[in-house]
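Visitor: below are the sequence and a predicted model; questions follow.
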Amino acid sequence: MEFQNILTEVKNHIFYLTINRPQKLNALNRSVLEEIATAVQAANKSAEVRAILITGAGEKAFVAGADISEFQNYDIEEGRQLAKTGQESVFNAIENCTKPVLAAINGFALGGGLELAMACHIRIASNNAKLGLPEVTLGLIPGYGGTQRLTQLIGKGKAMEMIFTADMLTAEEAEKAGLVNHVTEPDQLISKAEEILAKIILRAPLALSSAIKAINASGQGQVNGFEVEINEFANCFNTNDFKEGVNAFLEKRKPAFKGN
């Protein structure tokens, strides 16, 4: 699979997706979003892949935002389609991916870049990262799920302040607010991501998938998250991984999960 704007690699069951436009601070345009959508879909279907790591090329930016020049002359309907297509094909697809997705935030994560990171299940950041949603400075609001996911992650009041002021958070401030899970030195960012994912990929893949579905249901007002949890819990009993996990526990050995 060849791409023009992203780099992909599978290593030790981890799918590495690197947005590769460092000269544009890895800004998102239509082509980049299409390639991310294609890559994530392929990784989600691959039996070899157990987890996904998303990061940006270079040292300055994870993703510094959307490519504004691409939509500066859009009308209402074009703007609606821009947000709808992006949310459904990329951001919602990442959030609902059946495999854990981790964002390794190196440098700026602004606008669509922060929205991309927030769609991931786990976020870690280098200590030189800056995170923000500056859309109101352009006469816009976040359009790729930012108003919803930021509120879920850090609470309504703090989300309103961030979006209204367009201020950026440092990595440490983001960690304190609950926006990122860990902060590292820049040269330790990927190794920290790999350390977390190496632990995750030892766990039962189908159970992880069920956990993602149940946890995501907590942010969907029209869905009873408790019912989703009950159903996903029950579904786990019909898997070989459940049998393997129980047998390994009783036999005092490490389980060897196969995702079936």
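Guide: It's in.
Visitor: make it CA atoms for all contacts and neighbour counts henceforth
Guide: Noted.
Visitor: need the phi and psi values for residue 115.
Guide: phi -60, psi -40 (degrees, to the nearest 10).
Visitor: burial check on it, number of neighbours?
Guide: 27 (other CA atoms under 10 Å).
Visitor: list the residues that contact the closest residue to it other than its chain neighbours.
Guide: Once flanking residues are discounted, residue 115 sits nearest to residue 146: 5.3 Å by CA to CA, 6 or more residues apart in numbering. Contacts for residue 146 were tallied using CA atoms under 8 Å, 6 or more residues apart in numbering; they are 112, 114, 115, 118, 133.
Visitor: what's the burial count for residue 72?
Guide: When neighbours are defined as other CA under 10 Å, residue 72 has 9 of them.
Visitor: so it: helix, strand or coil?
Guide: coil (DSSP: H, G, I helix; E, B strand; the rest coil).
Visitor: distance of it from residue 78?
Guide: According to CA to CA, to the nearest Å, residue 72 stands 11 Å off from residue 78.
Visitor: before we move on, back to that, and the furthest pair within the contacts of residue 146?
Guide: 118 and 133 (11.4 Å; CA to CA).
Visitor: these two - which one has more neighbours?
Guide: Under the neighbour definition other CA under 10 Å, residue 118 and residue 133 were set side by side, and residue 133 has more, 28 against 25.
Visitor: let me see the backbone angles for the more buried one.
Guide: Dihedral angles phi and psi of residue 133 (degrees, to the nearest 10) take the values phi -120, psi 90.
Visitor: who touches it in this structure?
Guide: If you count contacts by CA under 8 Å, 6+ apart, residue 133 has them with 110, 111, 112, 114, 142, 146, 162, 163, 166, 167, 168.
Visitor: now these: which count as buried?
Guide: Buried subset of these (neighbour count, 16 or more other CA atoms under 10 Å): 110, 111, 112, 114, 142, 146, 162, 163, 166, 168.
Visitor: if I look at the last one, how far off is residue 133?
Guide: Residue 168 sits at a distance of 7 Å from residue 133 (criterion: CA to CA).
Visitor: possible to save the buried ones among the contacts of residue 133 as CSV with secondary structure and pLDDT?
Guide: Formatted as CSV, these follow (DSSP: H, G, I helix; E, B strand; the rest coil; pLDDT from 0 to 100):
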residue, secondary structure, pLDDT
110, strand, 98
111, coil, 97
112, helix, 96
114, helix, 98
142, coil, 96
146, helix, 97
162, helix, 98
163, helix, 98
166, coil, 98
168, coil, 97
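Visitor: what about stretch 21-29, average pLDDT?
Guide: In this model, stretch 21-29 carries a mean pLDDT of 94.
Visitor: which outside residues touch that stretch?
Guide: Residues outside stretch 21-29 that contact it (CA under 8 Å, 6+ apart) are 5-6, 19-20, 56-58, 60-67, 70, 112-113.
Visitor: if any of the residues you listed are buried, put those into a PyMOL selection.
Guide: Of those, the buried ones can be selected in PyMOL as follows, counting by 16+ other CA under 10 Å:
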select buried, resi 5+6+19+20+56+57+58+60+61+62+63+64+65+66+67+112+113
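Visitor: in helices only, show me the contacts of stretch 21-29.
Guide: The members of the contacts of stretch 21-29 that map onto helices under DSSP state H are 112, 113.
Visitor: could you pull up the residues touching residue 70?
Guide: residue 29.
Visitor: let's go with 7 Å and repeat that
Guide: If a contact means CA atoms under 7 Å, 6 or more residues apart in numbering, then residue 70 has no contacts.
Visitor: what's the end-to-end length of stretch 86-100?
Guide: With CA to CA as the measure, stretch 86-100 spans 20 Å from end to end.
Visitor: please spell out which residues along it are buried.
Guide: 86-87, 89-100.
Visitor: in helices, which of those residues fall?
Guide: Checking the buried residues of stretch 86-100 against DSSP H, those in helices are 86, 92, 93, 94, 95.
Visitor: ranges for the strands of the protein?
Guide: 6-11, 14-19, 51-56, 61-63, 101-105, 108-110, 122-126, 130-132, 169-170, 182-184 (DSSP state E).
Visitor: thanks a lot, catch you later.
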